[in-house]
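[1] have a look at this prediction, sequence included:
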Amino acid sequence: MLIADPGKPADLAEHLSDHLPQRLTERGSPPRRWTTTVRRQPLVSDEHASLDDVIDTVDTDSDHEDIVVYLTDLPRRDNTVPVIGEVSADHKFALISIAAVGGIDLTRRVTTVVELALARILGEPELAPTSAARRFPSEQHETSTRYLAPKGLRTLRLVSGMVRANRPWRLVTGLSKVLVGAFATGAFALSTSTIWSFADTMGGWRLCAATILSTVALILWLVIDHELWERPESDEERERSRLYNTATVITLTTGVAVLHIALFGLLLFTAWLSLRAHVLSSTLGHSATVADYLELSWLLASIATIGGALGSGLEDDDAVKEAAYGTRQRQRHDNTQKE
């Protein structure tokens with residue numbers, strides 16, 4: 001049986017349910033018939049929950065559930081080393097943290113880790129890919145086996161996995177008031193001939209500076225106004241807070257970048273549709289070219305992003321957290337705030 005947190009872990013569980021039985025059948029000797037079921041249920045209360053505590057919440061002795069694999073997007077660590085999986089062969093249970101796998105080639109890597117865990121539970125090394133044991137070093141504990149992230153760039157892998165679980169591209173659609181406020185600001189600025197002249201005289205580096213400043217302004221406004229920054233109250237929490245704050249900033253930066261690109265495209269289309277070339281030329285003092293429309297849309301997108309920062313103040317805190325966080329990180333953030 002596959003149990004998964006809502007969001008990306010559940011999507012991966014559905015994929016594994018479709019493809020894992022065939023892969024194991026081809027690799028096992030003698031061949032056996034594999035069946036899988038998927039259940040969406042968050043079992044890990046936070047990243048500090050022990051494997052035994054997680055096992056206690058699941059009935060692993062059911063006749064219909066011989067082996068249980070639980071996928072979570074919460075990061076698991078041994079001190080500062082990311083833990084990809086924890087396996088209890090006695091309980092036929094595996095806990096897999098997809099965040100520690102990284103944000104690239106996620107499906108293949110998670111499949112490899114799950115197969116490695118199943119091979120350990122059944123004592124059949126042939127079920128795991130050939131190089132899996134070498135890629136993911138293991139530690140033997142009293143009642144379980146712990147698989148660690150590959151050496152090199154471990155923290156970067158973990159942060160990228162956390163950002164991937166947050167799905168930052170959803171920020172554009174999740175913050176409707178930000179998008180509407182930003183586009184309205186850009187469209188209003190388009191009607192001002194002074195902006196046309198500014199875009200023509202600013203040059204590339206000034207346009208880049210405007211983009212960076214507007215992006216930073218929106219990110220800071222979202223973080224401060226909606227209390228997305230975690231403040232540790234003890235030295236023990238400092239490292240964990242640093243990890244989550246880093247993931248939050250990267251998530252918001254990626255989401256705001258997508259928003260900026262979307263605004264650039266929308267405003268470019270609006271400018272091309274509504275602003276005639278001869279009208280623009282009369283203001284600029286020279287023939288309007290495609291480059292002039294691109295520069296104007298670039299500046300308008302930066303101005304619009306500032307308008308989005310103002311629009312974000314109208315968003316409900318829950319809407320912002322839902323857009324900026326994955327399901328499990330949002331729950332963990334809410335629990336931290338209550339505590």
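    All right, it came through fine.

[2] I'd like the next helix or strand past the helix or strand harbouring I261.
    Element membership for I261 (DSSP states H and E) is helix 235-274. For helix 235-274, the succeeding helix or strand toward the C-terminus, using DSSP H and E, is helix 277-284.

[3] now that following helix: average pLDDT?
    Predicted confidence along helix 277-284 averages 89 (mean pLDDT).

[4] angle of it against helix 235-274?
    Relative orientation of helix 277-284 and helix 235-274, computed by axes from the mean of the first three to the mean of the last three CA atoms, to 10 degrees: 110 degrees.

[5] pull helix 277-284 out as PDB, backbone CA atoms only.
    C-alpha atoms of helix 277-284 as PDB (Å, rounded to 0.1, in the frame of the first residue of the first chain):
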ATOM      1  CA  ALA A 277       2.900  52.900 -34.000                       C
ATOM      2  CA  HIS A 278       2.400  56.400 -35.400                       C
ATOM      3  CA  VAL A 279       1.100  57.600 -32.000                       C
ATOM      4  CA  LEU A 280       4.200  56.100 -30.200                       C
ATOM      5  CA  SER A 281       6.500  57.500 -32.900                       C
ATOM      6  CA  SER A 282       5.100  61.100 -32.400                       C
ATOM      7  CA  THR A 283       6.000  61.000 -28.700                       C
ATOM      8  CA  LEU A 284       9.400  59.300 -29.100                       C
END
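
[6] give the buried residues for it.
    Neighbour-count burial for helix 277-284 flags L280, L284 (criterion: 16 or more other CB atoms under 10 Å). (Each C-beta comes from the backbone N, C-alpha and C, glycine too.)

[7] hmm, R39 and D5 touching each other?
    No: in terms of CB atoms under 8 Å, D5 does not count as a neighbour of R39; the distance is 10.9 Å.

[8] these two: which has the busier surroundings?
    More neighbours surround D5 than the other of D5 and R39, with 25 against 15 (other CB atoms under 10 Å).

[9] so what pLDDT did the more buried one get?
    D5 is assigned a pLDDT of 83 by the prediction.

[10] again with I212
    In this model, I212 carries a pLDDT of 92.

[11] may I ask you to confirm that it belongs to a helix?
    Yes: the assignment for I212 is a helix, going by DSSP: H, G, I helix; E, B strand; the rest coil.

[12] that one: how many residues sit nearby?
    11.

[13] then W205?
    The local packing of W205 (other CB under 10 Å) involves 8 other residues.

[14] now name the helix or strand holding it.
    Per DSSP H and E, W205 falls inside helix 204-225.

[15] surely G186 and I303 touch.
    Yes: contact between G186 and I303 holds when scored by CB under 8 Å: they sit 6.0 Å apart.

[16] neighbour count: those two, which is higher?
    More crowded of G186 and I303, by other CB under 10 Å: G186, with 27 against 22.

[17] in what helix or strand does the residue lying closest to the more buried one once chain neighbours are set aside lie?
    Computed as CB to CB, 6 or more residues apart in numbering, the closest residue to G186 that is not its neighbour in sequence is A304, at 3.2 Å. With elements taken from DSSP H and E, the one containing A304 is helix 290-312.

[18] buried stuff in that helix?
    Of the residues in helix 290-312, those scored as buried under the neighbour-count criterion (16+ other CB under 10 Å) are 292-293, 295-312.

[19] identify the residue nearest L51 in space, chain neighbours excluded?
    Once chain neighbours are set aside, the closest to L51 by CB to CB, 6+ apart is E86, at 4.7 Å.

[20] and that neighbour, that one's in a strand?
    Yes: under the criterion used here (three-state DSSP), E86 sits inside a strand.

[21] surely it touches T145?
    Yes: counting by CB under 8 Å, a contact exists between E86 and T145, whose distance comes to 7.3 Å.

[22] which of these two has more neighbours?
    For E86 versus T145, the count of surrounding residues by other CB under 10 Å is larger for E86: 24 against 18.

[23] for that one, give me its contacts.
    Neighbouring residues of E86 by CB atoms under 8 Å, 6 or more residues apart in numbering: L51, R76, A94, L95, S144, T145, R146, Y147.

[24] closest to H286 out of the residues you listed?
    Of all these, R76 has the smallest distance to H286: 60.7 Å, by CB to CB.

[25] now do that closest one, the pLDDT please.
    With respect to pLDDT, R76 has a value of 84.

[26] ok, it to E233 distance?
    In this structure, R76 lies at 22 Å from E233, with CB to CB, to the nearest Å as the measure.

[27] now the strands for the stretch 1-150 of the chain?
    According to DSSP state E, counting those that start in this stretch, the stretch 1-150 of the chain carries its strands in the segments 2-4, 38-40, 68-72, 77-78, 81-88, 93-97, 138-140, 145-148.

[28] what mean pLDDT does the longest one have?
    For strand 81-88, mean pLDDT is 88.

[29] buried stuff in it?
    V81, P82, V83, I84, G85, E86, V87, S88.

[30] pick the one among these closest to S281.
    Checking these against S281 by CB to CB gives P82 as the nearest, at 57.5 Å.
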